[in-house]
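Asker: Here you go, sequence then predicted model.
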Amino acid sequence: MVLTMLFIGIAMVASLGNYHKLVSLHRPLGIAILILAVVRLINRMFTTLPPFPATMSQWERRVATASERWLYALMLALPLVGWGMLSAGNYPIVMFGPVHLPPILPANPLLYTVLRKAHTVLAILFFLTILAHLTAVLFHTLVMRDGLLNRMVPWPVRSTKTNPNSNSQPK
Amino acid sequence: MRKGSIAGFAAVVAIVAAVAVLFAYAAGWLSPGKLTPGRFVDRFKQVSGRHPGFRLNHAKGLCFAGWFDSDGQGAALSRATIFQPGRVRVIGRFSLGGGMPYQADKANTVRGLAISFMPAHGEEWRTAMINLPVFPFATPQAFYDQMLALAPDPATGKPNPARIQAFFAKYPESANALKLIQSQPVSSGFENSAFNSLDAFRFINANGETAWVRWSMLPVQPFAPAGPAHPQADTNYLFDALIASVREHPLQWHLLITIAQPGDPTDDATIPWPSDRKQVDAGTLTINQVESDDTSPARDTTFDPLVLPDGIAPSADPLLNARSVVYVRSFTLREGEHKSPAAVSPADAEK
(Lines give C-alpha, C1' and ligand atoms only; values in the text may rest on other atoms or scores of the structure.)
Protein backbone atom coordinates (compact mmCIF):
# COMPACT_ATOMS: atom_id res chain seq x y z
CA MET A 1 0.00 0.00 0.00
CA VAL A 2 2.80 2.38 0.97
CA LEU A 3 4.80 1.39 -2.10
CA THR A 4 1.72 1.93 -4.30
CA MET A 5 1.38 5.42 -2.83
CA LEU A 6 5.00 6.27 -3.52
CA PHE A 7 4.53 5.16 -7.12
CA ILE A 8 1.29 7.17 -7.51
CA GLY A 9 2.96 10.19 -5.96
CA ILE A 10 6.03 10.22 -8.17
CA ALA A 11 3.97 9.45 -11.29
CA MET A 12 1.30 12.11 -10.74
CA VAL A 13 3.65 15.06 -10.47
CA ALA A 14 5.13 14.10 -13.85
CA SER A 15 1.79 13.39 -15.51
CA LEU A 16 -0.06 15.84 -17.74
CA GLY A 17 -2.81 13.35 -18.57
CA ASN A 18 -3.80 11.55 -15.37
CA TYR A 19 -2.97 14.03 -12.63
CA HIS A 20 -6.52 14.50 -11.35
CA LYS A 21 -7.30 10.77 -11.08
CA LEU A 22 -3.99 10.07 -9.38
CA VAL A 23 -4.15 12.95 -6.91
CA SER A 24 -7.78 12.10 -6.08
CA LEU A 25 -6.54 8.63 -5.12
CA HIS A 26 -3.39 9.90 -3.42
CA ARG A 27 -5.19 12.02 -0.77
CA PRO A 28 -7.60 9.42 0.73
CA LEU A 29 -4.94 6.67 0.46
CA GLY A 30 -2.51 8.86 2.39
CA ILE A 31 -5.01 9.41 5.18
CA ALA A 32 -5.82 5.67 5.21
CA ILE A 33 -2.11 4.94 5.64
CA LEU A 34 -1.93 7.46 8.49
CA ILE A 35 -4.81 5.69 10.30
CA LEU A 36 -3.35 2.22 9.65
CA ALA A 37 0.09 3.39 10.79
CA VAL A 38 -1.37 4.57 14.10
CA VAL A 39 -3.17 1.23 14.53
CA ARG A 40 0.08 -0.59 13.71
CA LEU A 41 2.04 1.52 16.13
CA ILE A 42 -0.38 0.81 18.98
CA ASN A 43 -0.37 -2.88 18.12
CA ARG A 44 3.44 -2.85 18.00
CA MET A 45 3.68 -1.28 21.46
CA PHE A 46 1.72 -4.19 22.94
CA THR A 47 3.53 -6.93 21.05
CA THR A 48 6.76 -8.71 21.90
CA LEU A 49 8.81 -9.32 18.78
CA PRO A 50 10.05 -12.79 17.95
CA PRO A 51 13.81 -13.08 18.51
CA PHE A 52 16.32 -12.24 15.77
CA PRO A 53 17.75 -15.23 13.92
CA ALA A 54 21.15 -16.38 15.12
CA THR A 55 22.77 -15.41 11.83
CA MET A 56 22.38 -11.70 12.58
CA SER A 57 25.27 -9.95 14.23
CA GLN A 58 24.86 -7.30 16.90
CA TRP A 59 25.23 -4.40 14.45
CA GLU A 60 22.79 -5.96 12.01
CA ARG A 61 20.26 -6.17 14.82
CA ARG A 62 20.83 -2.53 15.69
CA VAL A 63 20.38 -1.49 12.04
CA ALA A 64 17.21 -3.56 11.80
CA THR A 65 15.76 -1.94 14.94
CA ALA A 66 16.68 1.57 13.80
CA SER A 67 15.25 1.01 10.33
CA GLU A 68 12.00 -0.25 11.85
CA ARG A 69 11.67 2.98 13.86
CA TRP A 70 12.53 5.06 10.78
CA LEU A 71 9.87 3.28 8.72
CA TYR A 72 7.25 3.95 11.38
CA ALA A 73 8.30 7.61 11.58
CA LEU A 74 7.94 8.01 7.79
CA MET A 75 4.59 6.20 7.68
CA LEU A 76 3.25 8.79 10.12
CA ALA A 77 5.16 11.83 8.86
CA LEU A 78 4.46 11.64 5.12
CA PRO A 79 0.63 11.81 5.35
CA LEU A 80 0.85 14.51 8.03
CA VAL A 81 3.26 16.61 5.94
CA GLY A 82 0.96 16.14 2.91
CA TRP A 83 -2.10 17.23 4.90
CA GLY A 84 -0.22 20.19 6.38
CA MET A 85 1.15 21.17 2.97
CA LEU A 86 -2.34 21.34 1.39
CA SER A 87 -3.54 23.35 4.41
CA ALA A 88 -0.67 25.84 4.11
CA GLY A 89 -1.20 26.04 0.32
CA ASN A 90 -4.86 27.04 0.85
CA TYR A 91 -6.10 23.90 -0.91
CA PRO A 92 -9.29 22.13 0.14
CA ILE A 93 -8.44 18.66 1.45
CA VAL A 94 -10.90 16.55 -0.50
CA MET A 95 -11.27 12.87 0.43
CA PHE A 96 -14.17 11.55 -1.69
CA GLY A 97 -17.56 12.95 -2.71
CA PRO A 98 -18.52 15.77 -0.31
CA VAL A 99 -16.19 14.47 2.44
CA HIS A 100 -13.22 16.68 3.14
CA LEU A 101 -10.84 17.28 6.05
CA PRO A 102 -10.25 20.56 7.86
CA PRO A 103 -6.91 22.35 7.41
CA ILE A 104 -4.37 21.59 10.16
CA LEU A 105 -2.19 24.65 9.47
CA PRO A 106 -2.88 28.28 8.49
CA ALA A 107 -2.44 29.30 4.83
CA ASN A 108 1.16 30.51 4.54
CA PRO A 109 3.35 30.62 1.41
CA LEU A 110 6.64 29.90 3.19
CA LEU A 111 5.19 27.03 5.21
CA TYR A 112 3.72 25.58 2.02
CA THR A 113 7.07 25.74 0.23
CA VAL A 114 8.95 24.05 3.06
CA LEU A 115 6.37 21.29 3.52
CA ARG A 116 6.05 20.69 -0.22
CA LYS A 117 9.81 20.14 -0.48
CA ALA A 118 9.81 18.00 2.67
CA HIS A 119 7.03 15.83 1.19
CA THR A 120 9.17 14.98 -1.85
CA VAL A 121 12.42 14.50 0.06
CA LEU A 122 10.79 12.25 2.68
CA ALA A 123 9.02 10.25 -0.03
CA ILE A 124 12.29 9.58 -1.88
CA LEU A 125 13.96 8.63 1.43
CA PHE A 126 11.02 6.36 2.20
CA PHE A 127 11.41 4.63 -1.15
CA LEU A 128 15.15 4.15 -0.62
CA THR A 129 14.56 2.79 2.90
CA ILE A 130 11.97 0.34 1.62
CA LEU A 131 14.40 -0.72 -1.09
CA ALA A 132 17.15 -1.31 1.51
CA HIS A 133 14.72 -3.15 3.78
CA LEU A 134 13.57 -5.29 0.86
CA THR A 135 17.16 -6.07 -0.10
CA ALA A 136 18.04 -7.13 3.44
CA VAL A 137 14.96 -9.31 3.84
CA LEU A 138 15.43 -10.94 0.43
CA PHE A 139 19.10 -11.54 1.19
CA HIS A 140 18.24 -13.27 4.47
CA THR A 141 15.46 -15.28 2.87
CA LEU A 142 16.95 -16.26 -0.47
CA VAL A 143 20.69 -16.32 0.21
CA MET A 144 21.22 -16.95 3.91
CA ARG A 145 17.94 -18.84 4.29
CA ASP A 146 17.85 -18.16 8.02
CA GLY A 147 14.08 -17.85 8.26
CA LEU A 148 14.17 -14.10 9.04
CA LEU A 149 10.87 -13.71 7.22
CA ASN A 150 9.20 -15.72 9.99
CA ARG A 151 9.60 -12.69 12.25
CA MET A 152 7.59 -10.57 9.86
CA VAL A 153 4.77 -12.70 8.46
CA PRO A 154 2.08 -14.61 10.35
CA TRP A 155 2.51 -17.80 8.31
CA PRO A 156 5.48 -20.15 8.52
CA VAL A 157 8.24 -19.79 5.94
CA ARG A 158 10.50 -22.77 5.22
CA SER A 159 13.99 -22.33 6.55
CA THR A 160 16.78 -24.60 5.42
CA LYS A 161 19.54 -23.63 7.79
CA THR A 162 18.56 -22.70 11.28
CA ASN A 163 15.63 -22.97 13.54
CA PRO A 164 13.75 -19.68 13.04
CA ASN A 165 12.86 -19.50 16.71
CA SER A 166 16.41 -20.02 17.87
CA ASN A 167 17.43 -17.47 20.42
CA SER A 168 21.12 -18.23 20.39
CA GLN A 169 23.56 -15.35 20.24
CA PRO A 170 25.87 -14.98 17.27
CA LYS A 171 29.38 -16.27 17.74
CA MET B 1 28.93 -20.41 -1.95
CA ARG B 2 26.37 -23.07 -2.67
CA LYS B 3 24.65 -23.08 -6.03
CA GLY B 4 21.35 -22.16 -4.38
CA SER B 5 22.95 -19.14 -2.76
CA ILE B 6 24.21 -17.82 -6.09
CA ALA B 7 20.76 -18.20 -7.61
CA GLY B 8 19.31 -16.55 -4.51
CA PHE B 9 21.77 -13.69 -4.76
CA ALA B 10 20.88 -13.18 -8.42
CA ALA B 11 17.19 -13.17 -7.50
CA VAL B 12 17.75 -10.49 -4.83
CA VAL B 13 19.58 -8.23 -7.27
CA ALA B 14 16.96 -8.79 -9.98
CA ILE B 15 13.97 -8.05 -7.73
CA VAL B 16 15.49 -4.92 -6.15
CA ALA B 17 16.65 -3.60 -9.53
CA ALA B 18 13.21 -4.22 -11.04
CA VAL B 19 11.47 -2.19 -8.30
CA ALA B 20 13.98 0.65 -8.68
CA VAL B 21 13.59 0.73 -12.48
CA LEU B 22 9.79 0.73 -12.19
CA PHE B 23 10.01 3.71 -9.84
CA ALA B 24 12.28 5.61 -12.22
CA TYR B 25 9.88 4.80 -15.07
CA ALA B 26 6.85 6.07 -13.08
CA ALA B 27 8.76 9.26 -12.26
CA GLY B 28 9.35 9.85 -15.98
CA TRP B 29 13.13 9.75 -15.52
CA LEU B 30 13.45 7.17 -18.29
CA SER B 31 11.47 9.15 -20.87
CA PRO B 32 13.17 12.56 -21.21
CA GLY B 33 11.27 13.35 -24.44
CA LYS B 34 7.86 13.26 -22.74
CA LEU B 35 5.93 16.51 -22.25
CA THR B 36 5.78 17.04 -18.48
CA PRO B 37 4.70 19.85 -16.12
CA GLY B 38 8.40 20.62 -15.66
CA ARG B 39 8.90 21.20 -19.38
CA PHE B 40 5.89 23.54 -19.44
CA VAL B 41 7.50 25.57 -16.67
CA ASP B 42 10.76 25.71 -18.62
CA ARG B 43 9.02 26.92 -21.76
CA PHE B 44 7.14 29.66 -19.90
CA LYS B 45 10.47 30.91 -18.57
CA GLN B 46 12.06 30.64 -22.01
CA VAL B 47 9.31 32.72 -23.65
CA SER B 48 8.55 35.28 -20.92
CA GLY B 49 11.81 35.42 -19.01
CA ARG B 50 12.14 34.80 -15.28
CA HIS B 51 9.86 36.79 -12.98
CA PRO B 52 10.32 35.41 -9.46
CA GLY B 53 7.23 35.44 -7.25
CA PHE B 54 4.75 35.79 -10.12
CA ARG B 55 2.42 33.35 -11.82
CA LEU B 56 3.93 31.73 -14.92
CA ASN B 57 0.89 32.79 -16.95
CA HIS B 58 -1.61 35.57 -16.31
CA ALA B 59 1.17 37.18 -14.30
CA LYS B 60 -0.34 40.69 -14.29
CA GLY B 61 -3.56 41.03 -12.36
CA LEU B 62 -5.82 42.67 -9.82
CA CYS B 63 -7.63 40.78 -7.05
CA PHE B 64 -11.17 41.27 -5.84
CA ALA B 65 -13.68 40.29 -3.19
CA GLY B 66 -17.45 40.12 -3.33
CA TRP B 67 -20.27 37.62 -3.23
CA PHE B 68 -22.40 35.33 -5.36
CA ASP B 69 -26.19 35.25 -4.99
CA SER B 70 -27.47 31.89 -6.17
CA ASP B 71 -31.08 31.96 -7.40
CA GLY B 72 -31.41 28.18 -6.88
CA GLN B 73 -31.93 27.43 -10.59
CA GLY B 74 -28.59 25.64 -10.84
CA ALA B 75 -29.66 23.13 -8.18
CA ALA B 76 -31.69 21.12 -10.71
CA LEU B 77 -28.42 20.52 -12.59
CA SER B 78 -25.85 20.16 -9.80
CA ARG B 79 -26.03 19.20 -6.14
CA ALA B 80 -23.05 21.48 -5.32
CA THR B 81 -23.74 23.65 -2.26
CA ILE B 82 -23.12 26.87 -4.14
CA PHE B 83 -26.22 26.31 -6.33
CA GLN B 84 -28.56 26.20 -3.33
CA PRO B 85 -30.42 29.52 -3.00
CA GLY B 86 -28.41 31.96 -0.93
CA ARG B 87 -25.29 34.08 -0.75
CA VAL B 88 -21.72 32.80 -0.99
CA ARG B 89 -18.52 34.77 -0.32
CA VAL B 90 -16.07 34.96 -3.24
CA ILE B 91 -12.55 36.14 -3.85
CA GLY B 92 -10.87 36.20 -7.24
CA ARG B 93 -8.57 37.85 -9.68
CA PHE B 94 -8.75 39.69 -13.01
CA SER B 95 -5.67 39.18 -15.16
CA LEU B 96 -4.02 39.60 -18.52
CA GLY B 97 -2.70 36.55 -20.38
CA GLY B 98 1.06 36.08 -20.67
CA GLY B 99 3.96 35.62 -18.31
CA MET B 100 5.09 39.28 -18.16
CA PRO B 101 3.93 40.84 -14.87
CA TYR B 102 4.68 44.43 -16.01
CA GLN B 103 3.40 44.26 -19.61
CA ALA B 104 1.42 47.27 -20.82
CA ASP B 105 -2.34 46.73 -21.03
CA LYS B 106 -3.62 46.12 -24.56
CA ALA B 107 -7.19 45.59 -25.68
CA ASN B 108 -6.39 42.40 -27.55
CA THR B 109 -4.50 40.67 -24.75
CA VAL B 110 -6.50 37.76 -23.32
CA ARG B 111 -8.43 38.79 -20.18
CA GLY B 112 -8.92 36.37 -17.35
CA LEU B 113 -11.43 36.12 -14.51
CA ALA B 114 -10.62 33.62 -11.76
CA ILE B 115 -13.04 32.98 -8.90
CA SER B 116 -13.04 31.00 -5.70
CA PHE B 117 -16.55 30.42 -4.30
CA MET B 118 -16.40 29.71 -0.56
CA PRO B 119 -19.70 28.53 0.91
CA ALA B 120 -19.72 28.81 4.71
CA HIS B 121 -20.88 25.19 5.02
CA GLY B 122 -19.85 23.35 1.92
CA GLU B 123 -17.09 22.78 -0.50
CA GLU B 124 -15.07 25.37 -2.32
CA TRP B 125 -15.32 25.77 -6.09
CA ARG B 126 -12.56 27.42 -8.14
CA THR B 127 -12.82 28.38 -11.78
CA ALA B 128 -10.55 30.33 -14.12
CA MET B 129 -12.21 31.76 -17.23
CA ILE B 130 -11.09 33.93 -20.15
CA ASN B 131 -12.83 36.35 -22.48
CA LEU B 132 -12.39 34.24 -25.64
CA PRO B 133 -15.40 32.41 -27.14
CA VAL B 134 -13.35 29.21 -27.65
CA PHE B 135 -9.86 28.15 -26.58
CA PRO B 136 -7.34 28.36 -29.45
CA PHE B 137 -5.58 25.06 -28.59
CA ALA B 138 -7.14 21.61 -28.19
CA THR B 139 -4.33 19.79 -26.40
CA PRO B 140 -1.48 20.50 -23.97
CA GLN B 141 0.98 19.68 -26.78
CA ALA B 142 -0.59 22.29 -29.10
CA PHE B 143 -0.42 24.89 -26.31
CA TYR B 144 3.20 24.02 -25.64
CA ASP B 145 4.12 24.19 -29.33
CA GLN B 146 2.40 27.57 -29.93
CA MET B 147 4.34 29.21 -27.10
CA LEU B 148 7.42 29.08 -29.33
CA ALA B 149 5.78 29.01 -32.76
CA LEU B 150 3.64 32.14 -32.30
CA ALA B 151 6.13 34.09 -30.15
CA PRO B 152 8.40 36.72 -31.71
CA ASP B 153 11.56 35.22 -33.17
CA PRO B 154 14.45 36.32 -30.92
CA ALA B 155 16.57 36.93 -34.05
CA THR B 156 14.17 39.41 -35.68
CA GLY B 157 11.86 40.44 -32.83
CA LYS B 158 8.91 39.58 -35.08
CA PRO B 159 6.80 36.43 -35.38
CA ASN B 160 8.28 34.01 -37.88
CA PRO B 161 5.73 33.42 -40.72
CA ALA B 162 7.20 30.03 -41.65
CA ARG B 163 6.90 28.74 -38.09
CA ILE B 164 3.36 30.09 -37.76
CA GLN B 165 2.33 28.43 -41.01
CA ALA B 166 3.84 25.12 -39.90
CA PHE B 167 2.02 25.36 -36.58
CA PHE B 168 -1.43 25.90 -38.16
CA ALA B 169 -0.76 23.15 -40.70
CA LYS B 170 -0.15 20.78 -37.80
CA TYR B 171 -3.07 22.04 -35.70
CA PRO B 172 -5.88 23.04 -38.14
CA GLU B 173 -8.39 23.22 -35.25
CA SER B 174 -6.36 26.16 -33.88
CA ALA B 175 -6.70 28.03 -37.20
CA ASN B 176 -10.49 27.56 -37.08
CA ALA B 177 -10.67 28.67 -33.45
CA LEU B 178 -8.62 31.81 -34.14
CA LYS B 179 -10.90 32.73 -37.06
CA LEU B 180 -13.88 32.58 -34.70
CA ILE B 181 -12.01 34.53 -31.99
CA GLN B 182 -11.03 37.29 -34.43
CA SER B 183 -14.60 37.57 -35.74
CA GLN B 184 -15.87 38.67 -32.30
CA PRO B 185 -15.55 42.28 -31.18
CA VAL B 186 -13.46 42.96 -28.07
CA SER B 187 -15.11 45.02 -25.34
CA SER B 188 -13.65 48.23 -23.90
CA GLY B 189 -12.61 46.82 -20.52
CA PHE B 190 -12.68 44.10 -17.90
CA GLU B 191 -15.97 45.38 -16.50
CA ASN B 192 -17.97 44.71 -19.67
CA SER B 193 -16.20 41.51 -20.75
CA ALA B 194 -17.91 38.12 -20.82
CA PHE B 195 -15.76 35.30 -19.42
CA ASN B 196 -16.06 31.64 -20.44
CA SER B 197 -15.03 28.32 -18.87
CA LEU B 198 -14.39 26.94 -22.40
CA ASP B 199 -13.53 23.47 -21.05
CA ALA B 200 -16.62 21.30 -20.49
CA PHE B 201 -17.54 19.82 -17.13
CA ARG B 202 -20.10 17.34 -15.84
CA PHE B 203 -22.85 18.46 -13.45
CA ILE B 204 -24.41 15.81 -11.20
CA ASN B 205 -27.68 16.63 -9.42
CA ALA B 206 -29.18 15.23 -6.20
CA ASN B 207 -30.81 12.35 -8.14
CA GLY B 208 -27.47 11.37 -9.65
CA GLU B 209 -28.47 12.62 -13.13
CA THR B 210 -25.64 14.15 -15.14
CA ALA B 211 -25.46 16.94 -17.69
CA TRP B 212 -22.49 18.13 -19.75
CA VAL B 213 -22.04 21.87 -19.34
CA ARG B 214 -19.88 24.90 -20.01
CA TRP B 215 -20.37 28.12 -18.07
CA SER B 216 -19.93 31.84 -18.64
CA MET B 217 -20.02 35.04 -16.64
CA LEU B 218 -22.06 37.59 -18.62
CA PRO B 219 -21.59 41.24 -17.59
CA VAL B 220 -24.53 43.35 -16.47
CA GLN B 221 -22.44 46.38 -17.53
CA PRO B 222 -23.37 47.20 -21.16
CA PHE B 223 -21.01 46.32 -24.00
CA ALA B 224 -18.87 49.05 -25.55
CA PRO B 225 -16.27 48.28 -28.23
CA ALA B 226 -12.58 48.67 -27.45
CA GLY B 227 -11.32 52.10 -28.43
CA PRO B 228 -8.17 52.98 -30.41
CA ALA B 229 -4.81 51.86 -29.05
CA HIS B 230 -3.71 53.67 -25.90
CA PRO B 231 -0.39 55.47 -25.69
CA GLN B 232 2.33 53.21 -24.35
CA ALA B 233 2.80 55.37 -21.23
CA ASP B 234 -0.66 54.44 -20.02
CA THR B 235 0.43 50.96 -19.03
CA ASN B 236 -2.35 50.03 -16.60
CA TYR B 237 -5.27 51.68 -18.40
CA LEU B 238 -7.51 48.56 -18.37
CA PHE B 239 -6.91 47.95 -14.66
CA ASP B 240 -7.27 51.66 -13.82
CA ALA B 241 -10.63 51.75 -15.61
CA LEU B 242 -11.71 48.62 -13.69
CA ILE B 243 -10.74 50.20 -10.37
CA ALA B 244 -12.60 53.42 -11.25
CA SER B 245 -15.77 51.58 -12.25
CA VAL B 246 -15.85 49.52 -9.01
CA ARG B 247 -15.51 52.81 -7.09
CA GLU B 248 -18.57 54.08 -8.94
CA HIS B 249 -20.79 51.07 -8.20
CA PRO B 250 -20.39 47.32 -7.58
CA LEU B 251 -19.91 45.32 -10.80
CA GLN B 252 -22.15 42.37 -11.65
CA TRP B 253 -22.10 39.30 -13.84
CA HIS B 254 -24.66 36.52 -14.40
CA LEU B 255 -23.44 32.94 -14.13
CA LEU B 256 -24.89 31.24 -17.21
CA ILE B 257 -24.76 27.44 -17.46
CA THR B 258 -24.96 26.11 -21.04
CA ILE B 259 -26.19 22.52 -21.36
CA ALA B 260 -24.81 20.29 -24.13
CA GLN B 261 -26.90 18.12 -26.45
CA PRO B 262 -25.73 14.60 -27.29
CA GLY B 263 -22.96 14.91 -29.88
CA ASP B 264 -21.63 18.29 -28.68
CA PRO B 265 -17.88 17.96 -28.11
CA THR B 266 -17.01 17.80 -24.39
CA ASP B 267 -13.29 17.10 -24.77
CA ASP B 268 -12.32 19.82 -27.25
CA ALA B 269 -12.40 23.46 -26.11
CA THR B 270 -11.63 24.77 -29.63
CA ILE B 271 -15.12 23.92 -30.90
CA PRO B 272 -18.10 26.10 -29.90
CA TRP B 273 -21.46 24.55 -29.06
CA PRO B 274 -24.42 25.64 -31.25
CA SER B 275 -25.89 28.93 -30.02
CA ASP B 276 -29.40 27.50 -29.46
CA ARG B 277 -28.31 25.32 -26.51
CA LYS B 278 -30.39 25.70 -23.35
CA GLN B 279 -28.92 28.12 -20.81
CA VAL B 280 -29.70 28.42 -17.10
CA ASP B 281 -29.01 31.62 -15.15
CA ALA B 282 -27.69 30.28 -11.85
CA GLY B 283 -27.20 33.60 -10.08
CA THR B 284 -25.33 36.88 -9.89
CA LEU B 285 -21.72 37.65 -9.04
CA THR B 286 -21.20 41.02 -7.36
CA ILE B 287 -17.73 42.58 -7.01
CA ASN B 288 -17.54 45.51 -4.63
CA GLN B 289 -13.85 45.56 -3.70
CA VAL B 290 -10.61 45.40 -5.64
CA GLU B 291 -7.20 44.81 -4.13
CA SER B 292 -3.61 44.68 -5.37
CA ASP B 293 -1.88 41.31 -5.77
CA ASP B 294 0.50 42.55 -3.06
CA THR B 295 -2.12 42.44 -0.31
CA SER B 296 -4.86 40.03 -1.41
CA PRO B 297 -5.15 36.38 -0.27
CA ALA B 298 -6.10 35.65 -3.90
CA ARG B 299 -2.43 36.07 -4.83
CA ASP B 300 -1.57 32.97 -2.79
CA THR B 301 -4.42 30.96 -4.25
CA THR B 302 -4.03 28.80 -7.31
CA PHE B 303 -7.20 28.91 -9.41
CA ASP B 304 -6.88 25.23 -10.21
CA PRO B 305 -9.84 24.34 -12.48
CA LEU B 306 -10.09 20.92 -10.81
CA VAL B 307 -10.81 22.24 -7.31
CA LEU B 308 -14.44 21.19 -7.67
CA PRO B 309 -17.19 20.53 -5.14
CA ASP B 310 -19.22 17.33 -5.12
CA GLY B 311 -21.77 17.84 -7.93
CA ILE B 312 -19.24 19.15 -10.49
CA ALA B 313 -16.82 16.74 -12.17
CA PRO B 314 -14.19 17.15 -14.89
CA SER B 315 -14.74 16.15 -18.51
CA ALA B 316 -12.21 14.20 -20.54
CA ASP B 317 -10.84 17.47 -21.97
CA PRO B 318 -7.04 16.95 -21.83
CA LEU B 319 -6.46 20.64 -21.04
CA LEU B 320 -8.02 20.29 -17.59
CA ASN B 321 -5.49 17.84 -16.18
CA ALA B 322 -2.62 19.78 -17.71
CA ARG B 323 -3.90 23.09 -16.31
CA SER B 324 -4.35 21.58 -12.86
CA VAL B 325 -0.87 20.09 -12.59
CA VAL B 326 0.97 23.02 -14.25
CA TYR B 327 -0.87 25.54 -12.03
CA VAL B 328 0.23 23.57 -8.96
CA ARG B 329 3.80 23.51 -10.25
CA SER B 330 3.72 27.27 -10.89
CA PHE B 331 2.23 27.82 -7.40
CA THR B 332 4.95 25.76 -5.71
CA LEU B 333 7.63 27.70 -7.59
CA ARG B 334 6.34 31.20 -6.89
CA GLU B 335 5.46 30.62 -3.24
CA GLY B 336 9.13 29.81 -2.60
CA GLU B 337 10.41 32.91 -4.38
CA HIS B 338 10.94 36.45 -3.17
CA LYS B 339 7.88 38.56 -4.04
CA SER B 340 8.35 41.68 -6.17
CA PRO B 341 5.74 44.46 -6.11
CA ALA B 342 2.84 43.96 -8.54
CA ALA B 343 2.30 46.34 -11.49
CA VAL B 344 -1.05 47.38 -10.02
CA SER B 345 0.00 48.54 -6.55
CA PRO B 346 -2.09 48.83 -3.35
CA ALA B 347 -2.03 52.64 -3.89
CA ASP B 348 -3.44 52.18 -7.43
CA ALA B 349 -6.21 49.95 -6.10
CA GLU B 350 -7.15 52.63 -3.54
CA LYS B 351 -7.47 55.37 -6.18
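Answerer: That came through, no problem.
Asker: could you give me the average pLDDT of stretch B:325-339?
Answerer: Averaging the model's pLDDT scores along stretch B:325-339 yields 93.
Asker: Revised request: answer the last question for stretch A:149-162.
Answerer: Mean pLDDT, stretch A:149-162: 66.
Asker: Same question for stretch B:280-290.
Answerer: If you average the pLDDT over stretch B:280-290, you get 97.
Asker: With stretch B:81-89 instead?
Answerer: 96.
Asker: residues making contact with it?
Answerer: B:65, B:67-75, B:77, B:117-123, B:125, B:282-283, B:309, B:311 (C-beta atoms under 8 Å, 6 or more residues apart in numbering or on different chains). The way it works is simple: take the backbone N, C-alpha and C, and place the C-beta from them, glycine included.
Asker: got it, and stretch B:188-197?
Answerer: Stretch B:188-197 is touched from outside by B:94, B:107, B:111-113, B:127, B:129-133, B:187, B:214-219, B:221-227, B:238-239, B:241-242, B:245-246, B:251, B:253, B:305, with contacts defined as C-beta under 8 Å, 6+ apart.
Asker: Give me the buried entries from those.
Answerer: Neighbour-count burial (16 or more other C-beta atoms under 10 Å in any protein chain shown) applied to the contacts of stretch B:188-197 gives B:94, B:107, B:111-113, B:127, B:129-132, B:187, B:214-219, B:221, B:226, B:238-239, B:241-242, B:245-246, B:251, B:253, B:305.
Asker: who's in contact with the residue positioned nearest the centre of chain A?
Answerer: Computing the C-alpha centroid of chain A and ranking residues by C-alpha atoms, centre = their mean puts residue A:75 first, at 4.2 Å. Contacts for residue A:75 were tallied using C-beta under 8 Å, 6+ apart; they are A:2, A:33-34, A:37, A:40.
Asker: Break down chain B into its helices, ranges please.
Answerer: Secondary structure of chain B (DSSP state H): helices at B:3-26, B:37-48, B:140-149, B:161-170, B:172-183, B:237-248, B:318-335, B:346-350.
Asker: Minimum distance to residue A:102: which of those helices has it?
Answerer: Proximity to residue A:102 (C-beta to C-beta) singles out helix B:318-335 among those, at 20.8 Å.
Asker: Please name every helix or strand in contact with that closest one.
Answerer: Helix B:318-335 is packed against helix A:19-45, helix A:109-138, helix B:37-48, helix B:140-149, with contacts defined by 3 or more C-beta pairs under 8 Å, 6 or more residues apart in numbering or on different chains; DSSP states H and E.
Asker: Whether the longest one contacts chain B - can you check?
Answerer: Yes - remark: helix A:109-138 sits within contact range of chain B at A:109-110, A:112-113, A:116-117, A:127, A:131, A:134-135, A:138, by C-beta under 8 Å from any C-beta of the partner chain.
Asker: Weed out the non-buried ones from those.
Answerer: A:109, A:112-113, A:116, A:127, A:131, A:134, A:138.
Asker: Near residue B:261, how many other residues are there?
Answerer: 11 (other C-beta atoms under 10 Å in any protein chain shown).
Asker: With chain B as the reference, measure out to residue A:52.
Answerer: Distance, residue A:52 to chain B, using C-beta to the nearest C-beta, to the nearest Å: 20 Å.
Asker: and that residue, what pLDDT?
Answerer: Per-residue confidence (pLDDT) for residue A:52: 86.
Asker: For the closest residue to it other than its chain neighbours, pull up the helix or strand it's in.
Answerer: Distances taken as C-beta to C-beta, 6 or more residues apart in numbering or on different chains put residue A:61 closest to residue A:52, at 5.1 Å, once the chain neighbours are dropped. Following DSSP states H and E, one finds residue A:61 within helix A:58-88.
Asker: List the buried residues for that helix?
Answerer: Neighbour-count burial for helix A:58-88, counted by 16+ other C-beta under 10 Å, picks out A:64, A:71, A:74-88.
Asker: and residue A:139, how many residues sit next to it?
Answerer: By the criterion of other C-beta under 10 Å, residue A:139 has 18 neighbours.
Asker: For the closest residue to it other than its chain neighbours, list the residues it contacts.
Answerer: Excluding the flanking residues, the one nearest residue A:139 by C-beta to C-beta, 6+ apart is residue B:12, at 5.4 Å. The contact partners of residue B:12, taken as C-beta under 8 Å, 6+ apart, are A:135, A:138-139, A:142-143.
Asker: pLDDT on stretch A:126-133, on average?
Answerer: The average pLDDT for stretch A:126-133 rounds to 93.
Asker: Residues contacting it, please?
Answerer: A:2-3, A:6, A:10, A:67, A:70-71, A:74, A:78, B:16, B:19-20, B:23.
Asker: Apply 7 Å and report the result again.
Answerer: For stretch A:126-133, contacts defined as C-beta atoms under 7 Å, 6 or more residues apart in numbering or on different chains pick out A:3, A:6, A:67, A:70-71, A:74, A:78, B:16, B:19-20, B:23.
Asker: before we move on, the earlier item: mind checking which of the helices and strands packed on helix B:318-335 is nearest residue A:94?
Answerer: Closest to residue A:94 of those, according to C-beta to C-beta: helix A:19-45, at 6.4 Å.
Asker: What angle do helix A:58-88 and that closest one make with each other?
Answerer: Counting by axes from the mean of the first three to the mean of the last three C-alpha atoms, to 10 degrees, helix A:19-45 lies at 130 degrees to helix A:58-88.
Asker: In terms of secondary structure, what does helix A:19-45 contact?
Answerer: helix A:2-12, helix A:58-88, strand A:93-96, helix B:318-335 (3 or more C-beta pairs under 7 Å, 6 or more residues apart in numbering or on different chains; DSSP states H and E).
Asker: The contacts of stretch B:81-89 also near chain A: which ones?
Answerer: Among the contacts of stretch B:81-89, proximity to chain A is found for residue B:123 (C-beta under 7 Å from any C-beta of the partner chain).
Asker: In PyMOL, how would I select just the buried ones from the contacts of stretch B:81-89?
Answerer: This is the PyMOL syntax for the buried subset of the contacts of stretch B:81-89, where burial follows 16+ other C-beta under 10 Å:
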select buried, chain B and resi 65+67+68+70+71+74+75+77+117+118+119+122+123+125+282+283+309+311
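Asker: Inside strands: which ones of the contacts of stretch B:81-89?
Answerer: Taking DSSP state E as the definition of strands, the contacts of stretch B:81-89 contribute B:65, B:67-70, B:117-118, B:125, B:282-283.
Asker: tell me the pLDDT at residue B:34?
Answerer: Note for residue B:34: predicted pLDDT of 89.
Asker: State the distance from it to chain A.
Answerer: Going from residue B:34 to chain A by C-beta to the nearest C-beta gives 8 Å.
Asker: for residue B:218, same thing?
Answerer: Per C-beta to the nearest C-beta, residue B:218 is found 27 Å from chain A.
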